[in-house]
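Q: Quick one: sequence and predicted model below, then my questions.
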Amino acid sequence: MNKLLRTSAIAIIAAQVAGGVSAQAINESELSDPRVRQAIAYAIDMETIAETLFEGAAIPALGLTSDANNYPEGMNSYSYDPDKARELLAEAGWDGSRTLDMVYYYPDQLTADFMAVVQAQLGDVGIDMTYRLLEGDVGAQISGVPDDPVNGPSVVDWDILYGARAAIANQEYFNRFAEGEMPTVPTVDALVPLVESVNATVNPAVQRAGFQEMEGIINENVYILPLYYQQLYIFESDRINRNGAPYGNEQYNYNFDVVNWTVEPNEDGELVAYTNGAPMQFFELPWQNLGIWVHSRYAFDTILEADGTLTPIGGELAETYEVIDDGMTFTFTLKDDLKWHDGTPITAADVKWSIEAAAQAPITHPVVSTTLSRIEGAEALASGDADGMSGVTIDGNTVTIKFAVLDPNVLLTFSQFAPLPMAYFEGTDPLQIQQNEFWQKPIGSGPFMIEEARMNEFTTLVPFPDYHGGVAKIEQIIALPSADGDANLIRNAAAFRADFGYTKNATDVPSLEEMEHMTVRPVNIPYTRMFWINQFPRG
């Protein structure tokens, strides 16, 4: 870690602890006063909530990451202390006249129950709160960034967001704190150089030192309030046989080898399997939540392949790949005769266009977005001074990517990155890519292709006969709609309409385990539920 950066960050933390710039509101929003945010942290009894409401399946969080090695000494656990919360609110001049608007995007009953508990606990210290479920295009409702990164006004229309970060790299927890990238947090000058420093090295020791400093700054100021860490639970019925395929972090893409899964015939002799994760209102492009939806995992292929721990292990669409020039150049060659589901060939030009479109799209996953932003020519593309990235070139089936700034997660990014067929997006502004009619029935390159989609009813997928990895043995997947949390999982499983999938709701597990035909496997993943506290004044 650069000594100057370290000294500067320590000095800033010391000033904040001593009651410097952070001991007061920095704009017109009361929530921009760190004492109010600290009071919210002290008011929530997460230990008791984890043991009771979450039945011991949630681990109260200390930092953003679940890795204690990333924490500096003396991290504040904000143990339940309502008297301390009231004291801080009084110091901040909180008069109780404002009602906070809490929003969330999980439609399950457990989340609603959690919201009710939080409402009661905040009310106990003098903070009124209402809560509501976000519906429709959630990404647009939670990701708007103010033009003025200090004074706002806010682009989003809520005060607190209950959501999660399921990271594939530790940097993901911190990258959005870089200047102008957070919808809720005014620019924190101390964090910007630290974000840049951990993204400019592949040295784990240097990265960890940066993580520790950032965790300390965020913890002291409660820029985000980590609540708890959670496991993911993979379920499958006794009809499904993975035939040796691995289990892993199902929110992302890995070598689950679905082509070789088998299912027992139904009463009509059909090899049909049920799952969840189908769209409720529209198909989402695969660059935002990566592998979380059924079409992202099964209808699209990524450039590289990862194992269950999300460690890159080889090529998927790529036949060969190589990182050279001390990490500043990444090159890969596509397999021969690859096809999209419409039968047209997958080309290196499709890949180049997809990289450039994803770099401009407003809802690209943070890890992917960071990697793409470091490619030569990314700034010129973003500013409109160029139509493409100078650092992305093609020669036949080979794509070469040159970086202006080293990216430590390039292989990880391309193990999650699925290209799209550019022919369907001619004339589409990348900022409006999600609105393209392509998403009514998207065409990918994965082992299954979308057969039929009835929004909020079901989506069916069938094997792609020209898939480069062989033809899948399951003849049809029927995917039922669900959000990130499936409120209908237990009912569908009991009705034999849930053969495989995953849940993050711990309260689903006992009910699933009681069913003789169901098996549940817990998987440890980096997954943190948290509050985003909007520190910009509402517009």
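A: Perfect, I can see it now. Residues are numbered from 1 along each chain as shown.

Q: Could you look up the SS state of P193?
A: helix (DSSP: H, G, I helix; E, B strand; the rest coil).

Q: How many neighbouring residues does it have?
A: 18 (other Cβ atoms under 10 Å). Any C-beta I mention is one placed from the backbone N, CA and C, and that applies to glycine too.

Q: tell me the mean pLDDT for the longest helix belonging to the chain?
A: In the chain, with assignment by DSSP state H, the single longest helix is helix 204-221. For helix 204-221, mean pLDDT is 94.

Q: Just the C-alpha atoms of the helix or strand that comes right after it, please, in CSV.
A: As assigned by DSSP states H and E, the chain's next helix or strand after helix 204-221 is strand 224-230. C-alpha atoms of strand 224-230 as CSV (Å, rounded to 0.1, in the frame of the first residue of the first chain):
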residue,chain,number,x,y,z
ILE,A,224,-23.7,1.3,4.6
LEU,A,225,-25.0,-0.8,7.5
PRO,A,226,-24.1,-4.5,7.2
LEU,A,227,-26.8,-6.6,8.9
TYR,A,228,-26.0,-10.3,8.5
TYR,A,229,-24.3,-13.0,6.4
GLN,A,230,-26.3,-15.7,4.9
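
Q: Rounded mean pLDDT for strand 224-230, please.
A: On average, strand 224-230 scores 94.

Q: Quick one: work out the angle between it and helix 204-221.
A: If you take axes from the mean of the first three to the mean of the last three Cα atoms, to 10 degrees, strand 224-230 sits at 120 degrees to helix 204-221.

Q: by contact count, what packs against strand 224-230?
A: helix 34-43, helix 46-51, strand 58-60, strand 527-533 (3 or more Cβ pairs under 8 Å, 6 or more residues apart in numbering; DSSP states H and E).

Q: ok, and what's touching it?
A: 37, 40-41, 44, 46, 50, 54, 57-64, 66, 164, 184-185, 218, 504, 506, 525, 527-533 (Cβ atoms under 8 Å, 6 or more residues apart in numbering).

Q: partners of it in the sheet?
A: Here strand 224-230 is paired, per DSSP bridges, with strand 58-60 (antiparallel), strand 527-533 (antiparallel).

Q: In contact with D307, which residues?
A: With Cβ under 8 Å, 6+ apart, D307 has these contacts: 246, 248, 254-255, 313.

Q: Where helices are concerned, which of those count?
A: Using DSSP H, none of the contacts of D307 sit in helices.

Q: M75 versus Q432, what's the distance?
A: Using Cβ to Cβ, to the nearest Å, we find Q432 at a distance of 42 Å from M75.

Q: neighbour-wise, which of the two wins?
A: M75 (17 against 10).

Q: The more buried one contacts L64, correct?
A: No. Counting by Cβ atoms under 8 Å, M75 stays clear of L64, with 11.0 Å between them.

Q: what's the overlap in contacts for these two?
A: Common neighbours of M75 and L64 (Cβ under 8 Å, 6+ apart) are E215.

Q: who wins for proximity to D148 among the strands paired with strand 224-230?
A: strand 527-533 (18.2 Å; Cβ to Cβ).

Q: So what touches that closest one?
A: 31, 37, 40, 58, 61, 64-66, 142, 159-167, 173, 183-184, 222-232, 251, 504.

Q: Can you go through those residues and name the buried ones?
A: 31, 37, 40, 58, 61, 64-66, 142, 159-167, 173, 183-184, 222-230, 232, 251, 504 (16 or more other Cβ atoms under 10 Å).

Q: can you tell which of the strands paired with strand 224-230 is closest to R208?
A: Nearest to R208, of the strands paired with strand 224-230 and by Cβ to Cβ, is strand 527-533 at 17.5 Å.

Q: Single out the most deeply packed of the helices and strands packed on strand 224-230.
A: helix 34-43 (a mean of 24; mean count of other Cβ atoms under 10 Å).

Q: which residues of the stretch 351-500 of the chain fall in helices?
A: Secondary structure of the stretch 351-500 of the chain (DSSP state H, counting those that start in this stretch): helices at 366-373, 378-383, 410-414, 489-494.

Q: Show me what the first one is packed up against.
A: The one in question is helix 366-373. helix 348-360, helix 410-414.
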